[in-house]
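Asks: kindly generate the corresponding structure for this input.
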Amino acid sequence: MSEETATSSPDEDVQTDARLIERPAAPHLAALSEKARDYARNARSENTRRAYEADWRQFAAWLRRQGLDPLPPDPQTVGLYLAACMEGSSGRDPLSVSSLERRLSGICWRYRQLGAPLDTSDRHISTVLAGIRRAHGHPPVQKEAIFADELLAMMATLEMDLRGIRDRGILALGFAGGLRRSEIVGLDCGPDQSEDGTGWIEILDGGAVLQISGKTGWREVEIGRGSRPETCPVALLETWMRLGRISRGPLFRPIARKNGGVSANRLTDKHVARLVQKTALAAGIRGDLTEGERRLAFGGHSLRAGLASSAQIEEAHVQKHLGHASPEMTRRYQRKRDRFRVNLTKAAGL
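Replies: Residues are numbered from 1 along each chain as shown. Alright, predicted model coming up:
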């Protein structure tokens, strides 16, 4: 395979995906074939595809520097690459184990698109990866959870202009819904209003109902009204939609700095992460940490972890609300909980 193919652009990746479903000769099947290609493109989320494309570019660049060809896939070469990633290079720190595993997933994904699957169970890969996990593995670093009183302090740092109302709505909705940042910005004002939407919102007298397409499929999230309009997620959404004149399409949108107009485009999920970091710093949360440590401590998941840690209800309700497939995943989000409510030591008679 040539270097041009090895370093293909995202558009070329889409073409590769499309080739997996050949166009049928019969004219009446052409439209169905196009639809099948669309489904193939949507098999992964846009964020995942971008990450996997970056993983492949890193791997392809390393292969070029070593004078190696990416095809056919060679488990021994991949094993060498994994080891090289843990050594770091000039100006670059070694990868974490989780980042390395994600990069390997990206490489495998790309090879599948090329019709040449990579066998990760081969000993050249599995043994190297097991050694890396043993030598460098550690518990995952979790984002700090933001609790209700801290969220109020963060919201208080925002102005009461249109941008501030939008951002207050993002923070309140993200917390009350236990939403991922991609789920927040993926919301539309109603069903079937955009091609890139991943859910929609319906505002009722008692609150808001969100239909969200997440990692575990579609789920319904109910968000009741709060006690004060300035902190109620539903009231803030209503104010944002009214002042921003938003009734169709993406719910959360950029605001032009020059004229203050609301764009027709959708906010990116990076805005949510930056917003949480900025307001957490401004509110002085975790002042015992340095500014650099605090920037790393907070992110979009801080809102989701905050709800999971704050909700004093049965764990099954929290699991359903967050859309987790297992109670174990929900417990990973609960920063403060009664770990020893079920005490097997006493139950066993000790």
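Asks: thinking residue 162 is in contact with residue 260, fair?
Replies: Yes. The pair residue 162 and residue 260 qualifies as a contact (C-beta atoms under 8 Å) at a distance of 6.5 Å. For glycine as for every other residue, the C-beta is placed from the backbone atoms N, C-alpha and C.
Asks: more neighbours, those two?
Replies: Using other C-beta atoms under 10 Å as the criterion, residue 162 and residue 260 rank with residue 162 on top: 16 against 10.
Asks: how much space between that one and residue 287?
Replies: Residue 162 sits at a distance of 30 Å from residue 287 (criterion: C-beta to C-beta, to the nearest Å).
Asks: A strand includes residue 211, no?
Replies: Yes. Counting by DSSP: H, G, I helix; E, B strand; the rest coil, residue 211 is found in a strand.
Asks: low-scoring pLDDT stretches of the stretch 101-250 of the chain, where are they?
Replies: 139-141, 215-216 (pLDDT under 70).
Asks: can you show me the helices along it?
Replies: Here the stretch 101-250 of the chain has its helices, by DSSP state H, counting those that start in this stretch, at 123-136, 148-156, 162-177, 181-185, 233-243.
Asks: burial count for residue 186?
Replies: Other residues within reach of residue 186 by the criterion other C-beta under 10 Å amount to 26.
Asks: what are the structural domain limits within this protein?
Replies: Annotated domains of the chain cover 3-136, 148-333 [automatic domain parsing].
Asks: wait, which of those domains is closest to residue 142?
Replies: When these are compared by C-beta to C-beta, domain 148-333 sits nearest residue 142, at 7.0 Å.
Asks: who are the packing partners of the lengthiest helix in the chain?
Replies: Across the chain, the longest stretch assigned as helix under DSSP state H is helix 46-66. Contact analysis of helix 46-66 by 3 or more C-beta pairs under 8 Å, 6 or more residues apart in numbering; DSSP states H and E lists helix 3-6, helix 10-19, helix 75-87, helix 97-113 as its packing neighbours.
Asks: quick revisit: which one of the helices of the stretch 101-250 of the chain lies nearest to residue 51?
Replies: When the helices of the stretch 101-250 of the chain are compared by C-beta to C-beta, helix 181-185 sits nearest residue 51, at 12.2 Å.
Asks: only alpha carbons, please: show that closest one as CSV.
Replies: Extracted as CSV, the C-alpha positions of helix 181-185 are listed here (Å, rounded to 0.1, in the frame of the first residue of the first chain):
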residue,chain,number,x,y,z
ARG,A,181,-21.1,16.6,27.1
SER,A,182,-21.8,15.1,23.7
GLU,A,183,-25.4,14.4,24.8
ILE,A,184,-25.9,18.0,25.9
VAL,A,185,-24.8,19.6,22.7
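Asks: list the buried ones in it?
Replies: 181, 182, 183, 184, 185 (16 or more other C-beta atoms under 10 Å).
Asks: distance to residue 102 added to these, as CSV?
Replies: Shown next, in CSV, are the buried residues of helix 181-185 (distance: C-beta to C-beta, whole Å):
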residue, distance to residue 102
181, 18
182, 16
183, 20
184, 22
185, 22
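Asks: closest one of those residues to residue 115?
Replies: residue 182 (29.8 Å).
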